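A.B. asks: all I have is the shape, not the residue letters:
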């Protein structure tokens, strides 16, 4: 199963486009996270993703965006004190979870 995108809101700020997107996660998480696409995020095939801000979900995990790789990363909050939170290694609790994201970019879809 691949990531599933649902654009639930569209807008613009100056020359930038704003999208609110629900992303349904799958069970194909690999090290480094799920690859996002500009088209899936509502910015068109040749769009540019400038920022993705994931809102919290009900799984108790920490979801963040890696802007260099354009990936959603999930971390497990069970790490030791004063240590970096580790990236998850399994997706059994993330499969079919929906993450709502605020997206800022260029391009239209």
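C.D. replies: That came in fine, so what should we check first? Every value quoted in this text rests on a predicted model; they were computed, and no experiment measured them.
A.B. asks: next, the residue lying closest to residue 54 once chain neighbours are set aside: secondary structure please.
C.D. replies: With sequence-adjacent residues excluded and distances taken as C-beta to C-beta, 6 or more residues apart in numbering, residue 54 is closest to residue 63, at 4.2 Å. Where C-beta positions appear, they are placed from N, C-alpha and C, glycine not excepted. For residue 63, the assignment made with DSSP: H, G, I helix; E, B strand; the rest coil gives strand.
A.B. asks: quick one: residue 63 from residue 87, how far?
C.D. replies: 11 Å (C-beta to C-beta, to the nearest Å).
A.B. asks: overlap of the contact sets of these two?
C.D. replies: Both residue 63 and residue 87 are contacted by 73-75, under the criterion C-beta atoms under 8 Å, 6 or more residues apart in numbering.
A.B. asks: using the three-state scheme, assign the most centrally placed residue in the chain.
C.D. replies: Centroid check for the chain by C-alpha atoms, centre = their mean gives residue 72 as the closest residue, at 4.1 Å. Secondary structure assignment for residue 72 (three-state DSSP): strand.
A.B. asks: confidence score at the residue nearest to it when sequence neighbours are not counted?
C.D. replies: In space, and not counting its chain neighbours, residue 72 is closest to residue 34: 4.7 Å by C-beta to C-beta, 6+ apart. Per-residue confidence at residue 34 stands at 92 (pLDDT).
A.B. asks: can you start the count at 12 instead of 1 from here on
C.D. replies: Got it, the first residue is 12 from now on, which makes the last one we talked about residue 45.
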